[in-house]
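Predicted structure and sequence below. I'll ask about it afterward.
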Amino acid sequence: MANITVTITDTEEKCLKYITSSEIDWLTNCAVNRARQAKENIINILIKHCNANEITIATGEEAQVNQAFSLNLVQFAKDVVTDTPE
């Protein structure tokens, strides 16, 4: 498992305390839910690709996410090259 540290201002902390009794739980829920959405998207991309190309789909969500990356169907956001005007 990965540990991610987030630094926020005192004001941001106060604002989070206004909406939740546990800032850590709230932030964790945010991150986990967004990762779940990304996982569903990645798996959908994989399934469409595998069905269109008659490729056997890996068993299990972790294996499917890994398969999508190994087939270069998806990549890390930091590695995406965008065309920018010069």
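Received the coordinates, thanks.

Show me what the longest helix along the chain packs onto, helices and strands only.
Using DSSP state H to define each element, the chain has its longest helix at helix 23-53. Packing contacts for helix 23-53, counted by 3 or more CB pairs under 8 Å, 6 or more residues apart in numbering; DSSP states H and E, involve helix 10-19, helix 61-70. All C-beta atoms are positioned from the backbone trio N, CA, C, and that covers glycine.

Buried residues, that helix. List them.
Of all the residues in helix 23-53, those buried under the rule 16 or more other CB atoms under 10 Å are 23, 42-43, 46, 49-50.

and stretch 44-63, how far from the chain's centre?
Distance of stretch 44-63 from the chain centroid (CA atoms, centre = their mean, to the nearest Å) equals 18 Å.

ditto for stretch 57-72
The mean C-alpha position of stretch 57-72 is separated from the chain mean by 14 Å, CA atoms, centre = their mean.

May I have that stretch exported as CSV, CA atoms only?
The C-alpha coordinates for stretch 57-72 follow below in CSV (Å, rounded to 0.1, in the frame of the first residue of the first chain):
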residue,chain,number,x,y,z
ILE,A,57,-9.0,-10.6,-20.5
ALA,A,58,-7.0,-11.1,-17.3
THR,A,59,-8.9,-12.4,-14.3
GLY,A,60,-9.5,-10.0,-11.4
GLU,A,61,-9.5,-6.2,-11.3
GLU,A,62,-5.8,-5.8,-10.3
ALA,A,63,-4.7,-8.1,-13.1
GLN,A,64,-7.0,-6.2,-15.6
VAL,A,65,-5.5,-2.8,-14.6
ASN,A,66,-2.0,-4.2,-15.0
GLN,A,67,-3.0,-5.7,-18.4
ALA,A,68,-4.3,-2.4,-19.6
PHE,A,69,-1.0,-0.7,-18.7
SER,A,70,1.1,-3.6,-20.2
LEU,A,71,-0.9,-3.3,-23.5
ASN,A,72,-0.2,0.5,-23.4
